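Student: everything below, folded, please.
(one chain, ligands or ions: 1)
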Amino acid sequence: MTDEVRPEPEGSIPADAQPLAEGTPPVRSLRELIDRVTGRGLTPAQSAEESGLAEVLPFPFLALVGQSEMKLALVLALINPALGGVLLLGPRGTGKTTAVRSLVDLLPEAPRSLCYYGCLPEDVEKGGIDAVCPDCARKYAQGEPLAKMDHVRLVELPLNARLEDVVGGVDERAAANQRMRVKRGILAQADRNLLYVDEVNLLEDDIVDALLDAAAQGSYTVRRGPVSATYWSRFILIGSMNPEEGELRPQIQDRFGLRVVVRPLEDSQERLEAYRRVQLHRANPRQVISAYLDDTAQVQAEIQLARECLPKVVLPDEVAAQGLNLVAQMHIESLRAEITLFETSRAYAAAAGRQVVSGDDLRAVAPMALRLRRSGFMQEYFARQKDEEAELAGLIDSVLEQPTNKRT
Ligand SMILES: [Zn+2]
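Tutor: Numbers count the residues shown, from 1 in each chain. Coordinates of the predicted model:
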């Protein structure tokens with residue numbers, strides 16, 4: 001057996017984590033919980049009884065060793081879709097794809113449209129009755145539900161997908177019956193879900209264009225001859241890529257809110273533990289999954305709770321001013337930088353059960369929100385990234401330490 005309990009690895013809690021109280025502290029935030037659970041050795045096998053496991057048995061998110069920032073970014077993206085998704089950059093074999101696929105057990109519930117076109121009650125609340133299809137408009141008027149609560153899903157956009165798979169094409173079955181009908185594509189299926197694109201830097205240009213259009217507008221229209229259809233397409237975009245295999249177009253890079261540079265584990269104890277867990281999962285996935293079942297359920301519930309609390313989380317003006325100052329001093333032009341910075345801070349505060357964003361929240365998420373914003377050239381990426389990381393760390397220290405009244 002490879003599952004002896006070992007002490008928490010040092011360094012599994014990032015330096016910027018909030019200090020723990022003396023004694024054995026209660027878990028005060030989702031982040032602490034995740035750090036603690038994931039830093040723990042595997043417990044001995046529990047009973048093989050488990051319920052509701054899917055056919056495919058993904059590696060449990062909480063069993064991933066190390067990679068705190070990647071895990072935090074993914075969880076924050078689940079809490080607040082408005083932060084703009086996550087881009088994971090790193091060499092092969094660093095667990096990027098495993099981490100994204102393992103999110104299926106943590107996905108929260110959200111209102112799911114009962115309609116083919118994805119209409120939701122909030123569309124009516126925001127845009128009036130014309131914002132939904134005629135059928136839903138009638139239902140809304142008659143007080144019938146337009147949606148039910150359902151788990152957010154993980155939808156993958158595979159590299160070999162054709163444009164008509166992505167946006168939808170003519171439905172062959174309907175065409176055989178002399179009718180023209182447009183089939184829902186991956187982008188429509190991704191509405192209100194997670195859309196995962198592995199090797200996003202290797203996507204064909206026409207697919208990238210379709211993805212960017214949908215991401216920018218939250219909907220898209222397909223025209224095929226006399227038929228056209230418009231679909232909602234409001235997804236949380238998660239991408240992963242190995243920067244050594246090609247650049248990412250600047251437009252799509254700008255689309256991603258958070259950017260995490262995933263490096264191979266350096267600590268040999270951590271590498272050994274990661275190896276053991278992967279081997280054990282290969283041999284007996286149910287054993288690994290059941291060892292994390294309770295913790296996974298707890299983290300999922302906390303994500304759901306944080307998501308529900310998010311609308312109440314406010315960003316005080318003085319904290320916003322600090323964030324804007326940071327963005328200005330980084331010479332970042334994209335407006336998306338501060339949107340991501342602020343929305344991520346709100347998600348981080350919600351995860352910790354707080355309703356007011358603090359400077360510490362800003363500090364905790366600033367690196368992932370602001371790195372790799374200044375340039376689209378990936379060739380010198382590693383070298384530049386190192387410099388930028390140091391500069392960003394220095395700026396965070398100097399800017400966020402300043403009392404507000406001394407800022408110019
Ligand atoms: Zn509808």
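Student: CA atoms for contacts and neighbours, from now on please.
Tutor: Fine.
Student: the residue lying closest to residue 186 once chain neighbours are set aside and the ion: what is the separation?
Tutor: Closest residue to residue 186 apart from its sequence neighbours, by CA to CA, 6 or more residues apart in numbering: residue 166 at 4.6 Å. Distance of residue 166 to the ion, given as CA to the ion, to the nearest Å: 21 Å.
Student: same thing with residue 200?
Tutor: Distance from residue 200 to the ion, by CA to the ion: 31 Å.
Student: contacts only, for that residue.
Tutor: Taking CA atoms under 8 Å, 6 or more residues apart in numbering, we find residue 200 in contact with 159, 239, 240, 241, 248.
Student: can you give me the pLDDT of it?
Tutor: Residue 200 is assigned a predicted lDDT (pLDDT) of 95.
Student: for the contacts of residue 200, pick the one with the most neighbours.
Tutor: residue 239 (25 neighbours; other CA atoms under 10 Å).
Student: in which helix or strand does that one reside?
Tutor: Taking DSSP states H and E as the definition, one finds residue 239 inside strand 236-241.
Student: so what are the sheet partners of that strand and their directions?
Tutor: As defined by DSSP bridges, the strand partners of strand 236-241 come to strand 86-89 (parallel), strand 194-198 (parallel).
Student: got the contact list for the first one?
Tutor: Residues outside strand 86-89 that contact it (CA under 8 Å, 6+ apart): 70, 73-74, 77, 96, 237-243, 256-262.
Student: need the distance between the two termini of stretch 92-101.
Tutor: With CA to CA, to the nearest Å as the measure, stretch 92-101 spans 15 Å from end to end.
Student: what residues does that stretch touch?
Tutor: Contacts of stretch 92-101 (CA under 8 Å, 6+ apart): 58-59, 61, 64, 71, 74, 88, 90, 154, 196, 198, 238, 240, 242, 262-265.
Student: if any of the residues you listed are buried, put those into a ChimeraX selection.
Tutor: Buried members of these, defined by 16 or more other CA atoms under 10 Å, are picked up in ChimeraX with:
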select :58,59,61,64,71,74,88,90,154,196,198,238,240,242,262,263,265
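Student: who touches residue 137 in this structure?
Tutor: So residue 137 contacts 129, 130 (CA under 8 Å, 6+ apart).
Student: switch the cut-off to 6 Å
Tutor: Each residue near residue 137 by CA atoms under 6 Å, 6 or more residues apart in numbering is listed here: residue 129.
Student: mind checking the SS state of it?
Tutor: Following DSSP: H, G, I helix; E, B strand; the rest coil, residue 137 is assigned to helix.
Student: quick check: the gap between it and residue 127.
Tutor: For residue 137, the distance to residue 127 - CA to CA - is 12 Å.
Student: again with residue 310
Tutor: Counting by CA to CA, the gap from residue 310 to residue 127 is 22 Å.
Student: compare the two (neighbour count), which wins?
Tutor: Between residue 310 and residue 127, residue 310 has the larger neighbour count (other CA under 10 Å), namely 22 against 10.
Student: show me the contacts for the more buried one.
Tutor: Contacts of residue 310 (CA under 6 Å, 6+ apart): residue 350.
Student: per-residue pLDDT of it, please?
Tutor: pLDDT at residue 310 comes out at 96.
Student: repeat that for the one 5 residues further on.
Tutor: Per-residue pLDDT puts residue 315 at 98.
Student: and residue 6, by the same measure?
Tutor: So, for residue 6, pLDDT stands at 38.
Student: helix or strand: which one has residue 188?
Tutor: Using DSSP H and E, residue 188 falls in helix 186-189.
Student: state the mean pLDDT of that helix.
Tutor: Per-residue scores along helix 186-189 average to 93.
Student: how about stretch 108-117?
Tutor: pLDDT averaged over stretch 108-117 gives 87.
Student: how long is that stretch end to end?
Tutor: 22 Å.
Student: which residues in the stretch 51-200 of the chain form strands?
Tutor: 86-89, 109-113, 147-151, 154-156, 194-198 (DSSP state E, counting those that start in this stretch).
Student: for these, which one sits closest to the ion?
Tutor: Each of those has some distance to the ion by CA to the ion; the shortest is strand 109-113, at 7.7 Å.
Student: tell me how far stretch 191-201 is from the chain's mean position?
Tutor: Averaging C-alpha positions (CA atoms, centre = their mean, to the nearest Å) puts stretch 191-201 9 Å from its chain's average.
Student: before we move on, what about stretch 321-338?
Tutor: For stretch 321-338, the distance to the chain centre is 22 Å (CA atoms, centre = their mean).
Student: give the buried residues for that stretch.
Tutor: Quick answer for stretch 321-338 (16+ other CA under 10 Å): 322, 323, 324, 325, 326, 327, 330, 332, 336, 337, 338.
Student: want to throw the residues you listed into TSV with distance to the ion, secondary structure and pLDDT?
Tutor: Shown next, in TSV, are the buried residues of stretch 321-338 (distance: CA to the ion, whole Å; DSSP: H, G, I helix; E, B strand; the rest coil; pLDDT from 0 to 100):
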residue	distance to the ion	secondary structure	pLDDT
322	42	helix	96
323	39	helix	96
324	39	helix	96
325	43	helix	95
326	43	helix	94
327	40	helix	92
330	44	coil	86
332	39	coil	84
336	30	helix	89
337	33	helix	93
338	33	helix	95
